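Chemist: give me a model of this one.
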Amino acid sequence: MSGDVRTVLNARYPRLTRAARVWATGWTGLGEQAAFYVKALVAIRVTVVKYKAETLRVVADMGLGVGALALVGGEVVILAVLTGSAAAIVGIFGYIQASSLGVGAIAGFFSAYANVRLQLPLIIANGLAATIGAGATAQIGAMRISEEIDALEVIGIRTIPYLVTTRVLGGLLVVPPLYCITFVGSVITTRSVVILTYHQGAGGFDHYFNTFLLPRDVLVSGLECAVQAVVVMLIHTYYGYTASGGPAGVGEAVGRAVRASIGVSITLTFVLSLVLYGQSGDFHLSG
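Modeler: Residues are numbered from 1 along each chain as shown. Prediction:
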């Protein structure tokens, strides 16, 4: 009887039934992703106990790169380029906007505020998604279509702790040194642009930078970057672990993973900034 009802509904309302089917498939996929993420996070203890060597190897690959990428320093150089470009833009537009109000000397505020609270989490998340995350998706996806993951399970290796959780922990361990490098690089770049290009005094820039830079902001920004790294690596490993359809399917999985992780990272930056900094943002400016 239910089959007859379904047939009648499909015949009468084809668009409605097609939309309902798409929504049902989407929610099912979302539930599968959530279950996968929970398994990967729960397996952290197993990974730390049984797969320490693999975790260290993944950390080395992420930080310095492998093959031709190792010649240019891997993720370190890529994040340095991204951070330098974004920090230069912060310095240029920050000084222009401050000068339009007649307070060009306050440009150091933008370095302390925009770089730390907004730029660094987004740069690190996008850098991880475009390089380390995409590489993890391609690597795990290639193992899936070549049946290497099935072979690992046959010989008794738990694939989620070995392939997924190691990369999540690797991303988490790589973030602190990368954050320190990008933080120092962003400050130096913005300071250099303001001082050398617009001939502002170094003392004035440093005064306003030190005035508006709160130690709490640095800690919160680092915590936000760590959360971003875990989320990005979870998304990318999921798409690689569930890849299908041969080499073309792996390429499609990489594209979907990058698109999903960048979208989630932008949304997560907005939510975490509102939660961690509050509505006022602890910012007080008085004349």
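Chemist: host element of the spatially most central residue of the chain?
Modeler: Nearest to the geometric centre of the chain sits Ala125, at 2.4 Å (Cα atoms, centre = their mean). If you go by DSSP states H and E, Ala125 is part of helix 120-127.
Chemist: helices or strands up against that helix?
Modeler: helix 75-100, helix 166-192, helix 215-241, helix 246-277 (3 or more Cβ pairs under 8 Å, 6 or more residues apart in numbering; DSSP states H and E). To be clear about C-beta, it is placed using only N, CA and C from the backbone, and glycine gets the same treatment.
Chemist: can I get the CA coordinates of it in CSV?
Modeler: Output in CSV follows, covering the C-alpha atoms of helix 120-127 (Å, rounded to 0.1, in the frame of the first residue of the first chain):
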residue,chain,number,x,y,z
LEU,A,120,45.1,35.2,11.6
PRO,A,121,42.2,32.7,12.2
LEU,A,122,41.0,33.1,8.6
ILE,A,123,44.5,32.9,7.1
ILE,A,124,45.5,29.8,9.0
ALA,A,125,42.2,28.1,8.3
ASN,A,126,42.3,28.9,4.6
GLY,A,127,46.0,27.9,4.4
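Chemist: which helix or strand lies directly C-terminal to that helix?
Modeler: For helix 120-127, the following helix or strand on the C-terminal side (DSSP H and E) is helix 134-145.
Chemist: just want the angle from that next one to helix 75-100.
Modeler: Put simply, helix 134-145 runs at 140 degrees to helix 75-100, going by axes from the mean of the first three to the mean of the last three Cα atoms, to 10 degrees.
Chemist: shift numbering so it begins at 26
Modeler: Yes, from this point I'll number from 26; that puts the last item at helix 159-170.
Chemist: next, the buried residues of helix 159-170.
Modeler: Of all the residues in helix 159-170, those buried under the rule 16 or more other Cβ atoms under 10 Å are 159-166, 168-170.
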